[in-house]
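Undergrad: Please find the sequence and the predicted model below.
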Amino acid sequence: MDADVRQELLSLPKGLAEEVSKNLVMVARLIDEDPEQAYAYSRIALRLASRVAAVREAAGFAAYATTKYSEALAEFRAAKRMTGSVELWPVMADCERGLGRPERALAMAGEPEVQKLDKAGQVEMRLVAAGARRDMGQLEAAIVTLQSPELASHSIQPWTARLRYAYADALLAAGREDEAREWFAKTVEADKDGAMDASDRLAELDGVEFVDALVGDEPDEIDDEADEADEDDEQDDAEVAAAERASDQAEYYDEDDEEYEPLERSEADADVDVTDEIVVVEDEDRDDEGHPLDKG
């Protein structure tokens, strides 16, 4: 936790300070990955210590992350009154944009507070002003707003990638694709952590399409091929079964085989009329005791 925040919390009773501190730590930990949960922790801290500037600032950023711009602006204003600092001026102006009031954001960009900002704050204010111009449909004015010594500098600073990206995006929106391509490429150079999607935007401009290397066909085609393969397998199985049955029948009727033994009658000979093998003996050919007469 920041040393200035710890100093502020010293004004609270020890047990209360520890509880507020825990909630502020959770806000900082979750604000990027789970802003709604961070917001919930910020409300707890706010109920416990609303007169601490660091708490009001944390609550403002949590509300800002969840697009509750009116609430965020109120918290930032409270923190500014408590500290007298102007460092929140750019994000306050961006809240005005979020509330659909780009004119107020532009007015704030011209206030004396901007001159009191450090270099990072001034660049941030320039980004907000350019965004306000775009909100108002003034694309060329947005491009001009971003043109600055910081943009032209070859030195890589924490704000360089964001400034170049905003400039490239504004150029593209204005239909200046060649220049946009150049500045997206410069953004990639400055974005060492890969936090921005400048490389993807550059690929789109170059007409590059990303295809899953593991799947080269459309899903429907894959399903059709799978069905055909299943049908082939079923046909092969049927043919194998037929061959086995034919082999069984051949062994059944092969009486020359030394190991041949008649099997029980199977379905294979179901159509054979067994009466063909019976010799019918008429009654007149028998003697009085019913034995066949010898006609030899």
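TA: Received the coordinates, thanks. Numbers count the residues shown, from 1 in each chain.
Undergrad: Show me where the stretch 101-250 of the chain has its strands.
TA: Using DSSP state E, counting those that start in this stretch, no strands are assigned anywhere in the stretch 101-250 of the chain.
Undergrad: In it, where is pLDDT below threshold?
TA: For the stretch 101-250 of the chain, the stretches flagged by pLDDT under 70 are 209-250.
Undergrad: and with 50 instead?
TA: 222, 240, 243-244, 246-250 (pLDDT under 50).
Undergrad: got a list of what the nearest residue to Arg181 once chain neighbours are set aside touches?
TA: What sits nearest to Arg181 in space, not counting adjacent residues and going by CB to CB, 6 or more residues apart in numbering, is Leu205, at 4.9 Å. All C-beta atoms are positioned from the backbone trio N, CA, C, and that covers glycine. Listed by CB atoms under 8 Å, 6 or more residues apart in numbering, the contact set of Leu205 reads Leu172, Glu177, Ala180, Arg181, Phe184.
Undergrad: Please look at the fourth one and Glu204 and confirm they touch.
TA: No: counting by CB atoms under 8 Å, Arg181 stays clear of Glu204, with 10.0 Å between them.
Undergrad: how much space between the residue nearest to Arg181 and Trp183?
TA: 11 Å (CB to CB, to the nearest Å).
Undergrad: can you check Glu33 too?
TA: Plainly put, Glu33 is 30 Å away from Trp183 if you go by CB to CB.
Undergrad: the more surrounded of these two?
TA: Neighbour comparison, Glu33 and Trp183: the larger count goes to Trp183, with 24 against 8 (by other CB atoms under 10 Å).
Undergrad: Could you measure from the more buried one over to Ser42?
TA: 36 Å.
Undergrad: Same question for Ser155.
TA: 36 Å.
Undergrad: Which of those two has more residues huddled nearby?
TA: When Ser155 and Ser42 are compared for neighbours, Ser42 comes out ahead with 30 against 7, by other CB under 10 Å.
Undergrad: shouldn't the more buried one be in contact with Arg56?
TA: No: with contact defined as CB under 8 Å, Ser42 does not reach Arg56; the gap is 9.6 Å.
Undergrad: OK, contacts around the nearest residue to Lys80 once chain neighbours are set aside?
TA: Nearest residue to Lys80 in three dimensions, chain neighbours excluded: Leu88, at 5.7 Å (CB to CB, 6+ apart). With contact taken as CB under 8 Å, 6+ apart, Leu88 is in contact with Glu57, Gly60, Phe76, Ala79, Lys80.
Undergrad: ok, now Ala65?
TA: Here Ala65 is in contact with Ile31, Asp32, Pro35, Ala38, Tyr39 (CB under 8 Å, 6+ apart).
Undergrad: Kindly recompute the last result at 7 Å.
TA: By CB atoms under 7 Å, 6 or more residues apart in numbering, the residues touching Ala65 are Ile31, Pro35, Ala38.
Undergrad: And the residue nearest to Arg181, how far from Glu177?
TA: Applying CB to CB to Leu205 and Glu177 gives a distance of 6 Å.
Undergrad: just Arg97 next, same as before
TA: Computed as CB to CB, the Arg97 to Glu177 distance reads 26 Å.
Undergrad: Settle it for me: which of these two has more neighbours?
TA: Set Arg97 next to Glu177 and count neighbours by other CB under 10 Å: Arg97 wins out with 20 against 11.
Undergrad: tell me the pLDDT at that one?
TA: Listed pLDDT for Arg97 reads 98.
Undergrad: what's near enough to touch it?
TA: Applying CB under 7 Å, 6+ apart, the residues near Arg97 are Ala105, Val128, Gly131, Ala132, Asp135.
Undergrad: Closest to Ser11 out of the residues you listed?
TA: Proximity of the contacts of Arg97 to Ser11 (CB to CB) peaks at Val128, which lies at 32.4 Å.
Undergrad: That closest one: neighbouring residues, count only.
TA: If we define neighbours as other CB under 10 Å, then Val128 has 25 of them.
Undergrad: Same question for Leu9.
TA: For Leu9, using other CB under 10 Å, the count is 20.
Undergrad: Grab the nearest non-local neighbour of it.
TA: In space, Leu9 is closest to Ala17, 4.4 Å off (CB to CB, 6+ apart).
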